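K.L.:
got a sequence here, can you build the structure:
(one chain, ligands or ions: 1)
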Amino acid sequence: MSNRTMAAGNWKMNTTPAEGKALAEGVIANAGTPATKVVFGAPAIQLMQIKEITAQHEGYYVAAQNMHHEDKGAYTGELSAAMLAAAGIDYVILGHSERRDYFGEDDDLINTKIIKALAAGILPIYCCGEKLDIREAGNHEMIVGKQIEQALFCLEPEQMEKVVIAYEPVWAIGTGVTASPQQAQDMHQFIRTQIANQFGEGIANNTTILYGGSVKPANAEELFGMPDVDGGLVGGASLSAENFVPIIKAL
Ligand code: PEP
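P.N.:
Residues are numbered from 1 along each chain as shown. Modelled structure (predicted):
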């Protein structure tokens with residue numbers, strides 16, 4: 001499982017360039033050479049700066065938090081896959097629930113973005129997950145299954161093997177409520193089975209499936225101890241080395 005593991009921080013719209021630099025350097029200084037891949041999901045204005053830092057340290061990578069699906073043109077405020085690739089950006093987080101909720105992104109659009117990112121050589125971190133009412137109605141596997149089908153099933157196997165999946169139940173993001181380790185494991189196992197059915201066991205067993213939703217130092221070890229939980233996509237707790245380093249070390 002170790003080659004599947006990853007601790008990815010999603011800084012969202014937090015940190016100035018000076019704060020982001022101090023954060024990345026603080027994590028690297030305290031975590032040392034990690035036993036897992038560590039990814040900093042930095043604001044767009046900091047991507048090149050964080051790339052410069054991570055490039056000097058084995059195991060550390062940088063992710064954009066979004067990307068436009070067109071190649072170029074009149075899309076004020078947007079960044080293309082080619083721009084990110086030219087800047088050496090390693091990963092891009094796509095389909096985060098905040099992008100879905102506040103910017104109307106759906107799985108068809110996210111699928112287009114995934115294909116563009118892959119074509120440019122950027123590795124997508126694809127986010128999926130159900131809202132609270134869906135979980136309460138017991139429809140979470142159906143909804144997440146549909147998201148995955150729409151966003152990923154039309155990929156070629158050689159594309160799919162480059163995709164990282166992040167299961168993020170929306171009710172657990174930024175709420176302080178975490179899925180129980182068993183809830184996370186059940187969904188991760190379901191997702192891996194869906195990937196196996198579509199792409200085969202080999203690809204499914206190599207796919208990194210992260211859990212996201214109020215991961216903290218206090219719960220990371222138990223969550224990451226589940227067989228199909230390969231690490232975390234971490235929001236709030238990735239904003240300080242004090243919290244993020246123990247999460248990295250839990251892997
Ligand atoms: C996220 O935004 O991807 C996330 C999981 O946030 P938090 O860890 O703060 O719940």
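K.L.:
mind listing what V27 touches?
P.N.:
By Cβ atoms under 8 Å, 6 or more residues apart in numbering, V27 lies in contact with 9, 38, 40, 241, 244-245, 248. (C-beta placed from N, C-alpha, C; glycine too.)
K.L.:
if we go to 10 Å?
P.N.:
Under the criterion of Cβ atoms under 10 Å, 6 or more residues apart in numbering, the neighbours of V27 are 7, 9, 34, 38, 40, 53, 57, 60, 238, 240-245, 247-248.
K.L.:
do G212 as well
P.N.:
8, 10, 93, 96-97, 125, 127, 129, 166-169, 172-173, 178-179, 184, 231-235.
K.L.:
same deal with A166?
P.N.:
With Cβ under 10 Å, 6+ apart, A166 has these contacts: 6, 8, 10, 93-96, 125-129, 208-213, 230-233.
K.L.:
phi, psi of it?
P.N.:
Dihedral pair for A166: phi -120, psi 110, per degrees, to the nearest 10.
K.L.:
any idea how far it is from C128?
P.N.:
Taking Cβ to Cβ, to the nearest Å as the measure, A166 falls 7 Å from C128.
K.L.:
the ligand contacts on the chain?
P.N.:
For the chain, the residues in contact with the ligand (Cβ under 6 Å from any ligand atom) are 10, 168, 173-174, 212-215, 233-237.
K.L.:
for those, give me a markdown table that also has distance to A64 and secondary structure.
P.N.:
Supplementary listing: those in a markdown table, determined by distance: Cβ to Cβ, whole Å; DSSP: H, G, I helix; E, B strand; the rest coil:
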| residue | distance to A64 | secondary structure |
| --- | --- | --- |
| N10 | 11 | strand |
| E168 | 17 | coil |
| I173 | 19 | coil |
| G174 | 20 | coil |
| G212 | 17 | strand |
| G213 | 21 | coil |
| S214 | 23 | coil |
| V215 | 21 | coil |
| L233 | 14 | strand |
| V234 | 17 | strand |
| G235 | 16 | coil |
| G236 | 19 | helix |
| A237 | 20 | helix |
